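*Asks:* okay, sequence plus prediction incoming.
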Amino acid sequence: MFTQKQLNTFKATETPFYFYDIDVLNKTLEAIKKAAPKEYHIHYALKANPHPTLLQLIKQAGLGADCVSGNEVKRAVESAFASDKIVFAGVGKSDKEINYALNHSIFCFNVESIQELQIINQLASNKNTKARIALRINPNVDAYTHKYITTGLEENKFGINPYEFDAVLDELKKLNNLEFIGLHFHIGSQINDLTPFKNLCTRVNEINKWFINKGFLLQHINVGGGLGINYKEPDTQSVVDFENYFNVFKQFLALKPQQQVHFELGRAITGQCGSLISRVLYIKHGITTNFAILDAGMTELIRPALYQAYHKIENISASEVKSLVKYDVVGPICESSDCFGKAVELPETNRGDLIAIRSAGAYGEVMSSLYNLRDKLNSVFI
Ligand code: LLP
């Protein structure tokens, strides 16, 4: 639901563009602060949306930064996140990226393979410094989400598998420029049923116990992100139920008192504050369906094409609903996958109407591309 002021701005702005509702973001940040126990460290996953304006608010709320590339680390540093609140994960960190992060003494590298341990050690040694590292573990816990955003199964490329643990500990003994401070897990994204998080806690407890028995009581346990949002109800469910989410960890994680818990949430923080605003270019009556052809396409929001993701689509120009008509809402890109929704019921829609594609604040603008030599996107913040 948009305010009259927002609608007036939309009418006066060239489409397509991303609109960010700062009020929704602030409410979300307040809700996290209220729900998270003081001893929990929350990092925002920049990959969801690294817009400097949003990052300022997120940083001011006291969150840290979770990065998956050197440029994300750079964005976090430039946005003045404290270096002891920056973590760096990713299965393929380049030497250049590792060196950049070492130069800025980030809090921790989440390391995904034995070879990566050796390389970080070498690069830290070249700089005569020590790198703090956590092992990213593949816990083999199913997130029951889309297979492209499932990360914690044995078949996935992420993390170190338990059969490698002994070899990792042997290797670590030789690597003097690493300080082993934690364990890291991330099972996937857009997880709405909390059961996978409960299953993750059970696995974390087992693995943590294994390391303690080997003499490693690690101070930092990072359980990743993945909490989903309600794409069907962006207005009534604009803020995620963080309390229920944190309760799972309070109840099921069995850590030692000196161990601290870290989270890396992306979508749950910025997902609901953003919408893609577009105009209808043409209405076309096909043989079996009507098409509403927008001036935004998969180049602006790829989630429906890539993950068959649902986003609520609204005609925000229609002042009164006389009758509902079904449209395939599509973009201008030369691919049939360029479709935001099939048989979407909208009020009778005309050329020039404004269309909002909701819940697009996370993995929207940041995944846009210039394919078909599209114009660069604008963003509007209110
Ligand atoms: N930590 C790690 C190591 C991750 O790989 C991710 C997301 C997160 C944290 C944050 O996950 P979140 O809380 O946002 O679910 N483009 C896809 C989502 C890809 C998620 C990648 N990793 C989409 O549009 O659904």
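*Replies:* Sure, I can see it.
*Asks:* ok, residue 98 - how many residues close by?
*Replies:* 21 (other C-beta atoms under 10 Å). For glycine as for every other residue, the C-beta is placed from the backbone atoms N, C-alpha and C.
*Asks:* how is this structure partitioned into domains?
*Replies:* Here the domain parsing of the chain from automatic domain parsing is 23-271, 272-381.
*Asks:* is the last one anywhere near the ligand?
*Replies:* Yes - using C-beta under 6 Å from any ligand atom as the criterion, contacts between domain 272-381 and the ligand involve 303, 307, 362-363.
*Asks:* what's the end-to-end length of that domain?
*Replies:* 14 Å (C-alpha to C-alpha, to the nearest Å).
*Asks:* so how far is it off the chain centroid?
*Replies:* Here the centre of domain 272-381 is set off from its chain's centre by 22 Å, with C-alpha atoms, centre = their mean, to the nearest Å.
*Asks:* what does stretch 47-60 give?
*Replies:* Remark: stretch 47-60 is offset 12 Å from the chain centroid, using C-alpha atoms, centre = their mean.
*Asks:* re earlier: need the domains of the chain in JSON lines with mean pLDDT and distance to residue 2, can you?
*Replies:* JSON lines is the format used below for the domains of the chain (pLDDT from 0 to 100; distance: least, C-beta to C-beta, whole Å):
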{"stretch": "domain 23-271", "mean pLDDT": "95", "distance to residue 2": "10"}
{"stretch": "domain 272-381", "mean pLDDT": "95", "distance to residue 2": "6"}
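*Asks:* which one of those domains lies nearest to residue 13?
*Replies:* domain 272-381 (6.0 Å; C-beta to C-beta).
*Asks:* is the ligand within reach of stretch 153-161?
*Replies:* No - figure legend: stretch 153-161 not in contact with the ligand (C-beta under 6 Å from any ligand atom); closest approach 7.6 Å.
*Asks:* still on that earlier bit, pipe the domains of the chain into a markdown table and attach distance to residue 15 per row.
*Replies:* Shown next, in a markdown table, are the domains of the chain (distance: least, C-beta to C-beta, whole Å):
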| stretch | distance to residue 15 |
| --- | --- |
| domain 23-271 | 19 |
| domain 272-381 | 4 |
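*Asks:* indicate which one of the ones you listed is closest to residue 11.
*Replies:* Among these, domain 272-381 comes nearest to residue 11, with 7.1 Å by C-beta to C-beta.
*Asks:* coming back round to it: which one of the domains of the chain lies closest to residue 12?
*Replies:* That would be domain 272-381 among these, by C-beta to C-beta, at 10.1 Å.
*Asks:* shouldn't residue 343 be in contact with residue 329?
*Replies:* No - when contacts are counted by C-beta atoms under 8 Å, residue 343 is not listed as touching residue 329 (9.5 Å).
*Asks:* contacting residues around stretch 193-211?
*Replies:* Stretch 193-211 is contacted by residues 137, 139-144, 152, 162, 165, 183, 185, 187-188, 191, 217-218, 221, 223, 226-227, 244-245, 248-249, 252-255, 259 when judged by C-beta atoms under 8 Å, 6 or more residues apart in numbering.
*Asks:* again, 7 Å this time
*Replies:* Contact with stretch 193-211 is made by 137, 139, 141-144, 165, 183, 185, 187, 191, 218, 221, 223, 244-245, 248-249, 252-255, as judged by C-beta atoms under 7 Å, 6 or more residues apart in numbering.
*Asks:* what residues sit buried inside that stretch?
*Replies:* 194, 196-197, 199-201, 203-204, 207-208, 211 (16 or more other C-beta atoms under 10 Å).
*Asks:* buried residues in the helix or strand hosting residue 102?
*Replies:* According to DSSP states H and E, residue 102 maps onto helix 95-103. Of all the residues in helix 95-103, those buried under the rule 16+ other C-beta under 10 Å are 97-102.
*Asks:* now swap in stretch 227-239 and tell me
*Replies:* 227-231, 234, 238-239.
*Asks:* of all of the stretch 1-150 of the chain, which residue lies closest to the ligand?
*Replies:* Nearest to the ligand in the stretch 1-150 of the chain, going by C-beta to the nearest ligand atom, is residue 45, at a distance of 3.6 Å.
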